[in-house]
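Asks: okay, predicted coordinates and the sequence, questions at the end:
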Amino acid sequence: MDILSKIKKANLVGRGGAGFPTAKKWEAVKNAIGDKKYVVCNAAEGEPGVYKDGYILEHFADRVIDGMKIAINFLSLGDARDRSAEKGYIFLNYNYNKKLNKKLTVSLKDSKIEIFVKPINAGYIGGEESAVLNTIEGRRIEPRLKPPFPTTNGLWGYPTLINNVETFYNVSLVASGDYKNKRFYTITGDCSNEGVYELPDNLTIEKLLNQTKNYPKFPFFAQIGGLASGEALNSSQLKRQASGVGSIAVYSLGKNNFKKVIKGWLDFFANESCGQCTPCREGTYRLNEIFSKEKIDWVLFNSLLDNLSDTSLCALGGSAPIAIKSFMKNVYPQIYKSVTNTTNL
């Protein structure tokens with residue numbers, strides 16, 4: 001059975017957050033017209049509270065590199081043309097590079113893969129897939145308009161396969177028959193055992209916290225998917241499957257000042273906006289400005305949140321409202337009922 005058939009049989013989806021079927025993306029790049037094709041491992045990992053890719057590269061780098069080599073071989077032109085045209089890049093988080101460069105350099109010796117270090121000033125948006133391509137090409141670090149997509153017009157206009165670190169790790173497992181449909185989860189916050197765990201993909205959020213001995217004995221809420229763009233859920237909503245999450249943060253209802261928590265989210269997106277599109281550039285700034293006032297104009301605030309969701313060029317602006325909206329819907333009523341000192345928000 002060829003690797004594409006194996007990936008399809010395993011129902012493997014990307015681990016970068018979107019959950020796009022891996023086989024569909026690989027097939028699209030394979031079928032795209034181009035006398036050069038590239039493979040990029042996105043190890044930018046700029047979402048606060050998410051450390052799984054760094055953990056994988058530290059402990060399972062050989063598996064990740066093997067997955068990339070499998071992809072390069074899969075995309076090889078296979079005819080009289082220059083087979084060396086296929087090349088791979090590990091787009092590596094600046095801090096991970098400081099820690100892992102020597103180890104990765106040894107593992108990559110005599111391969112078609114090289115390390116490209118994510119610039120320290122690239123920020124969160126530097127991990128968006130088309131911004132990654134711009135950075136490698138030496139262009140401004142900002143997302144591209146889509147379509148066209150990287151599968152047909154990626155690095156220097158050639159078809160390019162971009163997958164997350166964990167996706168290439170899983171491809172290696174699929175190829176060797178060791179894939180068990182597990183996923184890496186970063187668990188952080190007001191909990192006893194912070195860390196990165198590899199556990200089944202079909203567990204509920206509640207079971208993940210219990211199995212890692214991180215389920216709190218105090219009133220709390222959880223943010224799933226990252227400390228900036230993750231969805232906020234109250235403790236009664238955690239029986240849903242955690243598939244696609246990748247990160248769980250625990251917040252004590254009694255310990256945290258939630259106006260500061262929301263302000264932290266707003267600061268992050270205002271600081272990380274690349275400024276390319278007006279809705280995100282102006283919207284994140286104005287949201288922060290409105291929320292910082294003594295009397296908040298909630299009608300205008302919520303209108304701007306909707307505007308960001310509907311009109312932003314890329315996922316940064318589109319995801320900025322997720323944490324705030326879900327917090328106000330799912331968590332604030334719980335706080336209002338259980339915490340008598342409502343000055344906490």
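Replies: Happy to help now that I have it.
Asks: residues near the residue nearest to V13 when sequence neighbours are not counted, how many?
Replies: Taking CB to CB, 6 or more residues apart in numbering as the measure, V13 lies nearest to G19, with 4.7 Å between them; neighbours along the chain are not counted. To be clear about C-beta, it is placed using only N, CA and C from the backbone, and glycine gets the same treatment. For G19, the count of nearby residues is 11 (other CB atoms under 10 Å).
Asks: and G19, what pLDDT?
Replies: In this model, G19 is scored at 75, pLDDT.
Asks: next, it: secondary structure please.
Replies: Assigned with DSSP: H, G, I helix; E, B strand; the rest coil, G19 falls in the coil class.
Asks: equivalent analysis for E206, please.
Replies: From three-state DSSP, the assignment for E206 is helix.
Asks: state the distance from D306 to I162.
Replies: D306 sits 30 Å away from I162 when distances are taken as CB to CB, to the nearest Å.
Asks: so for those two, which sits in the more crowded spot?
Replies: Higher neighbour count among D306 and I162: I162, with 25 against 11, using other CB under 10 Å.
Asks: so where does the more buried one fall, helix or strand?
Replies: Per DSSP states H and E: I162 is located in strand 160-164.
Asks: give the next helix or strand downstream of that strand.
Replies: Of the helices and strands lying after strand 160-164 in sequence (DSSP H and E), the nearest is helix 165-176.
Asks: now that next one: how far from the chain's centre is it?
Replies: Centroid separation between helix 165-176 and its chain, computed with CA atoms, centre = their mean, to the nearest Å, is 17 Å.
Asks: list the helices and strands the helix or strand following it packs on?
Replies: Next along the chain after helix 165-176, taking DSSP H and E as the criterion, comes strand 182-189. Here strand 182-189 touches helix 52-75, strand 195-200, helix 205-211, strand 247-252, going by 3 or more CB pairs under 8 Å, 6 or more residues apart in numbering; DSSP states H and E.
Asks: other SSEs contacting the second one?
Replies: The contact analysis (3+ CB pairs under 8 Å, 6+ apart) places strand 195-200 against strand 182-189, helix 205-211.
Asks: from T152, how far off is T160?
Replies: Distance, T160 to T152, by CB to CB: 9 Å.
Asks: okay, the two: which has more neighbours?
Replies: T160 (28 against 17).
Asks: surely the more buried one meets V29?
Replies: Yes: between T160 and V29 there is a contact at 6.9 Å, judged by CB atoms under 8 Å.
Asks: which residues do the two both contact?
Replies: 37, 151 (CB atoms under 8 Å, 6 or more residues apart in numbering).
Asks: report pLDDT for C274.
Replies: We have a pLDDT of 78 for C274.
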